[in-house]
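*Asks:* Predicted model and sequence below, questions to follow.
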Amino acid sequence: MSARIAIVTTKQPGTNPRMRKNADALSAAGYDVQVLYAFNALWADETDTEVLQKAKWSAYRIGGHPEHSQLSYQKNRVRRKWAHWTGRLDFSFCPALNEYLTALDRFEPDLVIGHNPGALPILTKWKAETGKPIVFDAEDFHRGETPSGGEEAHALQRLEDKHLPKINHITAASPLICKAYNTLYPKASVVTLNNAFERELQPTFQSLSTGPITLCWFSQVVGLDRGLKEFLQCISNWDDEPLTLNVYGSVSNSVRSALENSLNDSIHALNFLPPVSEGQLVQFLSNAHIGLALEQGVSQNNRVARSNKLYMYPLCGCLTLATKTQAQQHFYDDHPACGILIDISKPTTITGLLSHWSKNRLELEERRKQAWEAARDQLNWDHESAILINLIQSTLGP
């Protein structure tokens with residue numbers, strides 16, 4: 001009988017591609033995998049349905065739903081507020097804690113992996129009750145996601161300090177996140193598991209030597225703190241060649257208006273497109289020349305985390321323009337063929353690059369091909385998932 005692995009997360013599968021990649025890799029390795037998740041957003045329900053229909057692992061929603069399981073959903077909303085008012089740290093992050101533990105009792109896993117800070121109380125409570133090994137996947141440097149000194153940052157720090165020393169292993173989504181947690185918890189076992197994508201998603205390389213230069217950017221939600229506004233201002237007065245920028249993600253009317261106004265009636269086209277599945281996204285991005293990774297270093301996490309854009313763009317054959325955060329500087333020191341670091345406060349350097357490539361399209365094509373080959377050969381989830389499988393195998397033993 002294959003070992004059972006439970007993955008607990010306080011997000012939906014449709015909003016958590018890293019969790020899905022973990023589940024897929026472990027299932028493909030022969031483990032019996034069950035995912036326990038919670039509702040976050042109505043817009044993700046459709047994606048959940050698509051993901052779960054294809055999944056080789058089972059999944060159960062915990063804590064209710066505002067339309068399909070209203071009583072449980074409302075109870076947990078009240079429980080979260082009560083926990084916040086009374087200082088019950090664990091329940092404020094995971095109001096459905098006891099429901100998760102009951103579901104784990106039914107599944108009887110040999111090992112539990114947690115995603116997102118709300119999973120930490122589940123992990124350590126389960127370990128205390130059963131003695132079974134637990135792993136936490138740090139998709140971000142969580143205590144650094146919000147402004148330091150704030151109530152939320154303080155609560156996250158307390159949560160991590162309470163639970164992370166009890167975790168058997170921590171996997172971190174970038175080398176600098178790994179370093180940060182190793183510094184905080186020197187006795188912890190922390191390994192890097194980069195946020196790459198499956199090689200099977202990689203589309204055939206598309207030659208784009210003619211036509212306007214096309215740029216792209218994607219995220220689940222489009223915001224004004226992601227560098228897009230500043231980039232659009234950089235190119236608004238550059239008219240050597242019309243550019244097209246395709247932005248994929250959920251966008252509010254106010255954000256859309258602010259970004260459109262940043263172009264200042266220039267000759268360039270700005271298109272907003274809804275979030276799509278990874279399979280669709282790679283096909284769309286493969287028709288773009290350049291991907292934008294414009295992180296602004298607005299938080300400690302934003303400075304040390306590697307955006308999944310750094311892996312998605314090369315997979316699709318896009319050359320990346322990336323701002324100089326610590327993590328992105330670190331990435332391009334290791335993988336210079338994949339992109340170029342830019343200073344968004346110096347628009348002439350950015351328009352200079354665009355002018356050069358508009359006049360030297362064969363060079364741009366060669367740079368795109370080098371990035372695509374790097375993703376094919378190394379910067380992919382097939383390479384990273386082997387680290388995860390080895391960790392789980394060594395933890396569970398023969």
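*Replies:* Now that the structure is in, tell me what you want to look at.

*Asks:* got a pLDDT number for the nearest residue to residue 127 once chain neighbours are set aside?
*Replies:* Excluding its sequence neighbours, the residue lying closest to residue 127 (CB to CB, 6 or more residues apart in numbering) is residue 134, at 4.9 Å. In this view, the C-beta of every residue, glycine as well, is placed from N, C-alpha and C. Looking at residue 134, its pLDDT is 97.

*Asks:* who does residue 134 bridge with?
*Replies:* residue 112 (DSSP bridges).

*Asks:* For residue 114, what is the enclosing helix or strand?
*Replies:* Assigned by DSSP states H and E, residue 114 falls within strand 111-115.

*Asks:* Near the residue nearest to residue 127, how many other residues are there?
*Replies:* Per other CB atoms under 10 Å, the neighbour tally for residue 134 reads 26.

*Asks:* Centroid-nearest residue for the protein?
*Replies:* residue 308 (5.5 Å; CA atoms, centre = their mean).

*Asks:* So that one versus residue 323, what's the distance?
*Replies:* Distance of residue 308 to residue 323, given as CB to CB, to the nearest Å: 16 Å.

*Asks:* Residue 375 too?
*Replies:* On the measure of CB to CB, residue 375 and residue 323 end up 21 Å apart.

*Asks:* now the strands: where do they sit in the stretch 251-398 of the chain?
*Replies:* Remark: strands assigned in the stretch 251-398 of the chain by DSSP state E, counting those that start in this stretch are 269-273, 290-293, 319-323, 339-342.

*Asks:* now, of the ones you listed, which is deepest in the fold?
*Replies:* Of those, the one with the most neighbours on average (mean count of other CB atoms under 10 Å) is strand 290-293, at a mean of 26.

*Asks:* And this protein, what are its domain boundaries?
*Replies:* 4-196+381-396, 199-377 (automatic domain parsing).

*Asks:* where exactly do the helices run in the stretch 101-250 of the chain?
*Replies:* 120-130, 151-163, 175-184, 228-235 (DSSP state H, counting those that start in this stretch).

*Asks:* Can you check which of those gets nearest to residue 386?
*Replies:* helix 175-184 (16.8 Å; CB to CB).

*Asks:* The strand holding residue 114 - what's its average pLDDT?
*Replies:* Here the average pLDDT along strand 111-115 is 98.

*Asks:* helices or strands up against it?
*Replies:* strand 4-9, helix 17-28, helix 120-130, strand 134-138, helix 381-396 (3 or more CB pairs under 8 Å, 6 or more residues apart in numbering; DSSP states H and E).

*Asks:* Take the ones you listed and write them to CSV, including distance to residue 102.
*Replies:* Rendered in CSV, the data for those read as follows (distance: least, CB to CB, whole Å):
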stretch, distance to residue 102
strand 4-9, 12
helix 17-28, 21
helix 120-130, 11
strand 134-138, 17
helix 381-396, 24
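
*Asks:* Of these, which is nearest residue 177?
*Replies:* Checking the helices and strands packed on strand 111-115 against residue 177 by CB to CB gives strand 134-138 as the closest, at 5.8 Å.

*Asks:* For that closest one, buried residues please.
*Replies:* The neighbour-count check on strand 134-138 (16 or more other CB atoms under 10 Å) flags 134, 135, 136, 137, 138 as buried.

*Asks:* how about CSV for those, with distance to residue 237 added?
*Replies:* Output for those, formatted as CSV (distance: CB to CB, whole Å):
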residue, distance to residue 237
134, 54
135, 51
136, 47
137, 44
138, 42
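
*Asks:* Show me what secondary structure element comes after the worst-scoring helix or strand of the chain on mean pLDDT.
*Replies:* Taking mean pLDDT, DSSP states H and E as the measure, the chain has helix 45-54 as its least confident helix or strand, at a mean of 90. Using DSSP H and E, the helix or strand that follows helix 45-54 in sequence is strand 58-62.

*Asks:* circling back to that earlier point, I'd like to know which of the helices and strands packed on strand 111-115 is closest to residue 265.
*Replies:* So among the helices and strands packed on strand 111-115, helix 17-28 is nearest, using CB to CB, at 36.7 Å.

*Asks:* now the angle between strand 4-9 and the closest one, please.
*Replies:* 170 degrees (axes from the mean of the first three to the mean of the last three CA atoms, to 10 degrees).

*Asks:* For whatever helix or strand comes next after helix 17-28, which strands pair with it and how are they oriented?
*Replies:* Per DSSP H and E, the first helix or strand lying C-terminal to helix 17-28 is strand 32-38. Strand pairing for strand 32-38, using DSSP bridges, gives strand 4-9 (parallel), strand 58-62 (parallel).

*Asks:* Distance to residue 85 and mean neighbour count added to the ones you listed, as CSV?
*Replies:* What follows is the strands paired with strand 32-38, written out as CSV (distance: least, CB to CB, whole Å; neighbours: other CB atoms under 10 Å):
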stretch, distance to residue 85, mean neighbour count
strand 4-9, 25, 26
strand 58-62, 23, 18
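
*Asks:* where does the stretch 251-398 of the chain dip in pLDDT?
*Replies:* In the predicted model, the stretch 251-398 of the chain carries pLDDT under 70 at residues 398.

*Asks:* which stretches of it form helices?
*Replies:* Under DSSP H, counting those that start in this stretch, the stretch 251-398 of the chain gives helices at 253-262, 278-285, 300-304, 309-316, 326-334, 347-359, 361-377, 381-396.

*Asks:* Residues contacting the first one, please?
*Replies:* This points to helix 253-262. With contacts defined as CB atoms under 8 Å, 6 or more residues apart in numbering, helix 253-262 is touched by 222, 223, 224, 228, 229, 232, 233, 236, 247, 251, 270, 272.

*Asks:* count of residues packed around residue 356?
*Replies:* 11.

*Asks:* What separation do you get for the closest residue to it other than its chain neighbours and residue 379?
*Replies:* Spatial nearest neighbour of residue 356, chain neighbours left out: residue 363 (7.9 Å); criterion: CB to CB, 6+ apart. Distance of residue 363 to residue 379, given as CB to CB: 21 Å.

*Asks:* All set now, cheers.
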